[in-house]
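J.: output the structure for:
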Amino acid sequence: MNENASRHCDGVQEILSACESALSFLRVQVANIDGSLAHQPDAPSTSVAAPEPQNSIFFQSKSFYEFASLNIKIRKYRYAAYEAFFTSLQALTQRRFPNVRMYVHGSFQQGTAITGSDLDISFDCLNGATYDLGNILVFVKENYRALNLNGTVEYIAARVPVIRLRADGDLFIDISSPGPRHLSRQAGSFIKVLMDARKDLNLYVCILKQAFSQSRVYGGRRLALGGIGITVLVAWVMQQMNLLPFFDRFDAVAEELRPGSPSWKAYWNAHRVQSSDDEAISDNAVRQRFAEILRRLIATDLYYVFSLCGQYPRTILENGLVIFTPPNNAQNAANVVSKQTRLNDLVPLMKHFLTEWIKDPYAFLIKIS
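T.: Residues are numbered from 1 along each chain as shown. Modelled structure (predicted):
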């Protein structure tokens with residue numbers, strides 16, 4: 001009994017020590033938040049009502065690039081929460097389906113997740129297994145509590161069927177079928193190479209995604225542009241500015257272009273992406289180049305077929321907007337946007353973004369954060 005009591009006391013002492021450490025950490029964080037709030041700039045004056053912010057506080061920064069990293073890109077604690085959810089889902093899945101492997105695609109794979117991004121997941125079937133999204137739906141419902149889900153588990157029968165989940169209160173997750181040759185993973189692998197090499201591209205994409213998102217014209221809303229569509233538009237302009245190379249289509253029917261695949265190294269040896277330097281993300285460069293990217297996109301009126309791979313020299317569409325998903329143009333299109341959305345939402349919004357950016361880039365970044 002004495003030995004058990006001693007162990008109990010030791011355990012209580014360890015818990016108290018951990019609580020004291022946690023309390024000390026929270027005090028520091030509260031002090032940091034208080035200091036940050038005390039030094040906030042006045043709200044920018046604008047004739048257009050600012051959208052509801054994703055962030056309740058802003059972190060001060062010394063440059064546009066640093067501001068976007070701290071206030072537009074997904075916060076580290078949210079990224080860690082999504083990462084923990086994926087780890088849990090992956091472990092539960094492998095116990096139930098040994099021949100299924102979950103993987104992340106979309107903005108989390110590409111490195112362009114912003115404050116409101118959700119987590120996109122799909123799966124591989126190994127060793128001849130033939131599980132589909134219906135099997136995953138049943139499995140998720142069976143593990144509702146283990147995954148700490150809340151709300152309804154939705155099955156959305158869209159062009160690409162999706163299981164939509166909500167976990168830990170405010171984490172949003174989409175699980176989709178992999179599709180032919182895992183197009184989403186191929187596109188994500190392709191875009192990640194560009195993002196890893198070009199910090200400036202990553203910055204411009206995240207800013208434009210956040211601006212459209214906060215204007216409520218993004219993704220499924222009004223059938224607008226999604227993350228890959230915006231990425232291709234920005235990268236397309238950077239190709240015209242000779243900041244990115246032009247790419248060839250990858251049409252190998254039996255192969256997925258991703259790290260470790262037979263053609264991966266050869267493809268990128270033939271299409272080398274020059275890394276950006278510190279000057280490319282300086283305030284002066286960012287101020288000028290982001291404005292130039294918006295000007296060039298506005299000048300197209302978004303009439304063209306946009307593609308990073310293959311040649312579509314000024315191919316004009318009378319009505320909508322088509323943006324091909326890299327690296328394989330023949331397989332799918334990232335976005336097919338209606339004429340109404342293009343003319344009434346996308347182009348006018350970019351004109352407004354350009355006006356606000358030229359007036360005061362820092363105020364614009366605060367407004368969309």
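
J.: run the chain-centre distance for stretch 175-187.
T.: 16 Å (CA atoms, centre = their mean, to the nearest Å).

J.: sorry, slip of the keys, the one I care about is stretch 106-116.
T.: 2 Å.

J.: check stretch 165-172 too.
T.: 17 Å.

J.: buried stuff in that stretch?
T.: 165-167, 171 (16 or more other CB atoms under 10 Å). Where C-beta positions appear, they are placed from N, C-alpha and C, glycine not excepted.

J.: any idea which of the residues you listed is closest to residue 88?
T.: Distance to residue 88 across the buried residues of stretch 165-172 (CB to CB) is lowest for residue 167, with 8.9 Å.

J.: local confidence estimate at the closest one?
T.: pLDDT for residue 167: 95.

J.: kindly report the same for residue 324.
T.: 86.

J.: cool, and residue 3?
T.: 56.

J.: now, the buried residues of stretch 165-172 that are in strands?
T.: Within the buried residues of stretch 165-172, residues falling in strands by DSSP state E are 165-167, 171.

J.: distance to residue 120 added to the buried residues of stretch 165-172, as CSV?
T.: Formatted as CSV, the buried residues of stretch 165-172 follow (distance: CB to CB, whole Å):
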residue, distance to residue 120
165, 12
166, 14
167, 14
171, 13
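
J.: ok, back up a step: which of the ones in strands among the buried residues of stretch 165-172 lies closest to residue 295?
T.: residue 171 (37.5 Å).

J.: give the bridge partners for the closest one, please.
T.: Note on residue 171: beta-bridge partners by DSSP bridges are residue 167.

J.: so it sits right up against residue 81, yeah?
T.: Yes. Counting by CB atoms under 8 Å, residue 171 touches residue 81, with 5.9 Å between them.

J.: which stretches of this structure form helices?
T.: 2-38, 64-71, 76-96, 107-110, 133-142, 183-197, 199-214, 227-240, 264-270, 283-300, 339-341, 347-359, 361-368 (DSSP state H).

J.: mean pLDDT lowest where, among those helices?
T.: By mean pLDDT, the lowest-scoring of these turns out to be helix 2-38, with a mean of 45.

J.: which residues touch residue 193?
T.: By CB atoms under 8 Å, 6 or more residues apart in numbering, the contact list for residue 193 reads 268, 273.

J.: separation between it and residue 92?
T.: Per CB to CB, to the nearest Å, residue 193 is found 31 Å from residue 92.

J.: over to residue 317?
T.: 45 Å.

J.: so those two - more neighbours on which side?
T.: residue 92 (17 against 14; other CB atoms under 10 Å).

J.: double-check that one against residue 147; I have them as touching.
T.: Yes. Between residue 92 and residue 147 a contact is recorded at 7.0 Å, counting by CB under 8 Å.

J.: once you drop chain neighbours, what's closest to residue 328?
T.: residue 250 (5.5 Å; CB to CB, 6 or more residues apart in numbering).

J.: phi and psi next, for that neighbour.
T.: Backbone torsions for residue 250, taken as degrees, to the nearest 10, come to phi -110, psi 100.

J.: thought residue 94 was touching residue 100?
T.: Yes. With contact defined as CB under 8 Å, residue 94 reaches residue 100; the gap is 7.2 Å.

J.: looking at the two, which one has more neighbours?
T.: Neighbour comparison, residue 94 and residue 100: the larger count goes to residue 100, with 18 against 13 (by other CB under 10 Å).

J.: is the more buried one in contact with residue 124, as I believe?
T.: Yes. Using CB under 8 Å, residue 100 is in contact with residue 124, at 7.0 Å.

J.: can you give me every residue that contacts the residue lying closest to residue 298 once chain neighbours are set aside?
T.: Excluding the flanking residues, the one nearest residue 298 by CB to CB, 6+ apart is residue 350, at 5.3 Å. Contact analysis of residue 350 by CB under 8 Å, 6+ apart lists 294, 297-298.

J.: repeat for residue 279
T.: Contacts of residue 279 (CB under 8 Å, 6+ apart): residue 285.

J.: what do you get if the cut-off is 10 Å, keeping everything else the same?
T.: 200, 285 (CB atoms under 10 Å, 6 or more residues apart in numbering).

J.: which single one of the contacts of residue 350 is nearest to residue 257?
T.: residue 297 (26.9 Å).

J.: next up, the contacts around that closest one.
T.: Taking CB under 10 Å, 6+ apart as the test, what residue 297 contacts is 208, 233-234, 236-237, 304, 306, 346-347, 350, 353-354.

J.: redo that, cut-off 7 Å
T.: Residue 297 makes contact with 233, 237, 350, according to CB atoms under 7 Å, 6 or more residues apart in numbering.

J.: surely the second one is in contact with residue 298?
T.: No. Counting by CB atoms under 7 Å, residue 237 stays clear of residue 298, with 10.6 Å between them.

J.: more crowded one of the two?
T.: Between residue 237 and residue 298, counted using other CB under 10 Å, residue 237 has the larger neighbour count: 23 against 16.

J.: the more buried one and residue 216, how far apart?
T.: 24 Å.

J.: and if you look at residue 342?
T.: 16 Å.

J.: got the domain ranges for the chain?
T.: Split into domains by automatic domain parsing, the chain comes to 76-178, 182-368.

J.: out of these, deepest packed?
T.: Most buried of those by mean neighbour count (mean count of other CB atoms under 10 Å) is domain 182-368; its value is a mean of 18.

J.: measure that domain end to end?
T.: 33 Å (CA to CA, to the nearest Å).

J.: what sits against residue 137?
T.: Residue 137 neighbours (CB under 7 Å, 6+ apart): 155, 163.

J.: ok so, going back, so what's the residue nearest to residue 328 up against?
T.: Applying CB under 7 Å, 6+ apart, the residues near residue 250 are 257, 267, 327-328.
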